[in-house]
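# Show me the folded form of this:
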Amino acid sequence: MALTAVMKHKPMVFFIVLFMLTWLLYVPLAYAVGAGTWTGAGPFDFQLSRILLYAGYFMFGAFIGLTPFNQELFSTDSKLVNTWLVWVILALAIYVFLTVIEKQAILATMVAQKQLAPFAAWMIYFSIYVSSCVCSCIAFLTTFRKLVHKSYSWWNSLSANAYLIYLTHYVFVIWTQFWLLPYELPAFMKFLISFSVSLALSWGLSILLRKNRLIHKYL
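Here you go, the predicted model:
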């Protein structure tokens, strides 16, 4: 497709497209309902602010999937892929900058001193937040495409089951976190347990589900 052909050799165009898509689908809704607003029942919760984002990224992924993925946008001669190190540095730099802003309460201080309107401060923070997320996404995609070349059976299984893992992992993450609530463990230890358990269970469930012919055909 014409757009992906352009983005192949113009990484900044790809960044701008993904940034604008993410910003439009997330920031206005997050402002309207609250970035941390959740809804649901029990462990089946989701963030209201991300409904459009999930749908939009799904459609964007489907659009990219219609193109010759390994020969076009993410081909080995793609400038987007070959600038992988730039994206890694950008992702880390913007994340650190965002963390400093939050920890030092820079924007909050400016609002308190009436140097900045609350709405402007909110938009600045979440625009930087979106750019951090987008750069991280591009960094992961391009780094793996550039550096990972060997094939392993477990890696092929992860690739084949990745989408179903994505669809099912969240329930296991929430359930594991609920299960860990009574235990006084370091946050990092809880992260490792939640990550390991949710990955193993969602991966195993995906393998079982894909034994069904209909599910295997589409997922």
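
# Which residue ranges of this protein form helices?
Ranges of helices in the chain, per DSSP state H, are 2-9, 11-33, 51-65, 79-82, 84-103, 106-112, 118-147, 153-180, 187-209, 213-218.

# Tabulate the ones you listed (JSON lines), appending mean pLDDT and distance to Thr39.
Just so you know, the C-beta spots here come from the backbone N, C-alpha and C atoms, and that holds for glycine as well. Supplementary listing: those in JSON lines, determined by pLDDT from 0 to 100; distance: least, Cβ to Cβ, whole Å:
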{"stretch": "helix 2-9", "mean pLDDT": "76", "distance to Thr39": "35"}
{"stretch": "helix 11-33", "mean pLDDT": "95", "distance to Thr39": "9"}
{"stretch": "helix 51-65", "mean pLDDT": "88", "distance to Thr39": "10"}
{"stretch": "helix 79-82", "mean pLDDT": "92", "distance to Thr39": "36"}
{"stretch": "helix 84-103", "mean pLDDT": "95", "distance to Thr39": "25"}
{"stretch": "helix 106-112", "mean pLDDT": "93", "distance to Thr39": "27"}
{"stretch": "helix 118-147", "mean pLDDT": "94", "distance to Thr39": "20"}
{"stretch": "helix 153-180", "mean pLDDT": "89", "distance to Thr39": "13"}
{"stretch": "helix 187-209", "mean pLDDT": "94", "distance to Thr39": "21"}
{"stretch": "helix 213-218", "mean pLDDT": "84", "distance to Thr39": "28"}
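
# Quick one: closest of those to Gly40.
Taking Cβ to Cβ as the criterion, helix 153-180 is the member of the helices of the chain that comes nearest to Gly40, at 9.3 Å.

# got the angle for that closest one vs helix 187-209?
Computed with axes from the mean of the first three to the mean of the last three Cα atoms, to 10 degrees, the direction of helix 153-180 lies at 120 degrees from that of helix 187-209.

# for helix 153-180, which positions count as buried?
By neighbour count with 16 or more other Cβ atoms under 10 Å, helix 153-180 contains the buried residues Asn161, Leu164, Ile165, Thr168, His169, Phe172, Val173, Ile174, Trp175, Thr176, Gln177, Leu180.

# ok, back up a step: of all the helices of the chain, which lies closest to Leu73?
Taking Cβ to Cβ as the criterion, helix 2-9 is the member of the helices of the chain that comes nearest to Leu73, at 4.6 Å.

# follow-up on the earlier one: and the buried residues of helix 153-180 as CSV, adding distance to Lys211?
Output for the buried residues of helix 153-180, formatted as CSV (distance: Cβ to Cβ, whole Å):
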residue, distance to Lys211
Asn161, 11
Leu164, 12
Ile165, 15
Thr168, 15
His169, 19
Phe172, 19
Val173, 24
Ile174, 25
Trp175, 23
Thr176, 25
Gln177, 29
Leu180, 31
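
# sorry, back to before: let's have the helices of the chain in TSV, adding distance to Ala41.
Rendered in TSV, the data for the helices of the chain read as follows (distance: least, Cβ to Cβ, whole Å):
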stretch	distance to Ala41
helix 2-9	40
helix 11-33	18
helix 51-65	16
helix 79-82	42
helix 84-103	31
helix 106-112	34
helix 118-147	28
helix 153-180	12
helix 187-209	20
helix 213-218	25
